[in-house]
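S.K.: Need coordinates for the following:
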Amino acid sequence: MQRGAEFSIMLGSIELMNSRRSGSEEMLATLACKKITDRREPHILVAGLGMGFTLRAVLAALGDDARVNVAELVPSVVAWARGPMAEIFGGCLEDPRVRIIEGDVGCVIKSGRATYDAILLDVDNGPEGLTRKANDDIYGIDGLRAAHAALRPGGMLAVWASAPNRQFANRLNDTGFTVDEVNLRANGKRGGARHVIWIATNDRGRHRKALDN
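M.R.: Residues are numbered from 1 along each chain as shown. As a prediction, this is how the structure comes out:
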């Protein structure tokens, strides 16, 4: 939906994203990229294009040697980004560091093995999905194990959610991640709805122990 310069992505009557509220999505990228600024040629996977808030923040935080894959399941979202919402995206899709993959991010993650320095997961509404039941698999034990395997040693899995989820935080720990939970507002210092970001570091030794158990 559009009203003047404001855009909104809706699921029926539920607003999933609004172009006026971007603070927590940008912070998802900022927190993760801070952890990998010392890496040469960092390789990032952004799961979910949305309105490009996370992607733009990643590009701003990393240098010219970075590679950023963006997995987006819904072709219409990519079409909107190149069409009516092009001004919001600010040309970031044409950045030479960016590759858009139209497909299921779960498959993209499973196809990688020690490939990424960071995976930024901003799919659906977080672990408690709204748009697609299959999204739950990404946040389950098998999905988290696949993400763990797709990361390089010391890599980051950063996960955005609209609300806290203790069971999901426990699953991250059980899968071998070292986890920090950050609570923040949708509009940053200007307030707004409360959101959650988990910053999970992969640890090969703990992961092996978790699998053995």
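S.K.: all contacts plus neighbour counts: C-alpha atoms, from now on.
M.R.: OK.
S.K.: quick one: the helices in this structure?
M.R.: 23-34, 53-61, 75-82, 86-89, 105-110, 136-139, 141-150, 166-174, 204-212 (DSSP state H).
S.K.: pull the CA atoms of the third one into PDB?
M.R.: In other words, helix 75-82. Extracted in PDB, the C-alpha atoms of helix 75-82 (Å, rounded to 0.1, in the frame of the first residue of the first chain):
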ATOM      1  CA  PRO A  75       9.300 -12.000  -6.500                       C
ATOM      2  CA  SER A  76       6.800  -9.200  -6.100                       C
ATOM      3  CA  VAL A  77       9.000  -7.800  -3.200                       C
ATOM      4  CA  VAL A  78      12.000  -7.600  -5.600                       C
ATOM      5  CA  ALA A  79       9.800  -6.000  -8.300                       C
ATOM      6  CA  TRP A  80       8.500  -3.400  -5.900                       C
ATOM      7  CA  ALA A  81      12.100  -2.600  -4.900                       C
ATOM      8  CA  ARG A  82      13.000  -2.000  -8.500                       C
END
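S.K.: Who are the packing partners of that helix?
M.R.: helix 86-89 (3 or more CA pairs under 8 Å, 6 or more residues apart in numbering; DSSP states H and E).
S.K.: re the thing from before, between the helices of the chain, which gets the lowest average pLDDT?
M.R.: Of all those, the minimum mean pLDDT falls on helix 204-212 (a mean of 41).
S.K.: In the sheet, which residues pair with V182? Tell me.
M.R.: I197 (DSSP bridges).
S.K.: Give me the pLDDT for R20.
M.R.: At R20, pLDDT is 63.
S.K.: closest one to D95 among the helices of the chain?
M.R.: D95 sits nearest to helix 53-61 of all the helices of the chain, at 8.6 Å, using CA to CA.
S.K.: So what touches that closest one?
M.R.: By CA atoms under 8 Å, 6 or more residues apart in numbering, the residues outside helix 53-61 that reach it are 22, 25-30, 33-34, 46, 49, 70, 89, 92.
S.K.: any chance of these in JSON lines, with neighbour count too?
M.R.: Listed next are the contacts of helix 53-61 as JSON lines, based on neighbours: other CA atoms under 10 Å:
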{"residue": "S22", "neighbour count": "18"}
{"residue": "E25", "neighbour count": "26"}
{"residue": "E26", "neighbour count": "20"}
{"residue": "M27", "neighbour count": "22"}
{"residue": "L28", "neighbour count": "26"}
{"residue": "A29", "neighbour count": "27"}
{"residue": "T30", "neighbour count": "18"}
{"residue": "C33", "neighbour count": "25"}
{"residue": "K34", "neighbour count": "11"}
{"residue": "V46", "neighbour count": "24"}
{"residue": "L49", "neighbour count": "22"}
{"residue": "V70", "neighbour count": "24"}
{"residue": "F89", "neighbour count": "18"}
{"residue": "C92", "neighbour count": "17"}
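S.K.: biggest separation within those, which pair?
M.R.: Longest span within those, CA to CA: K34 and F89, 22.4 Å.
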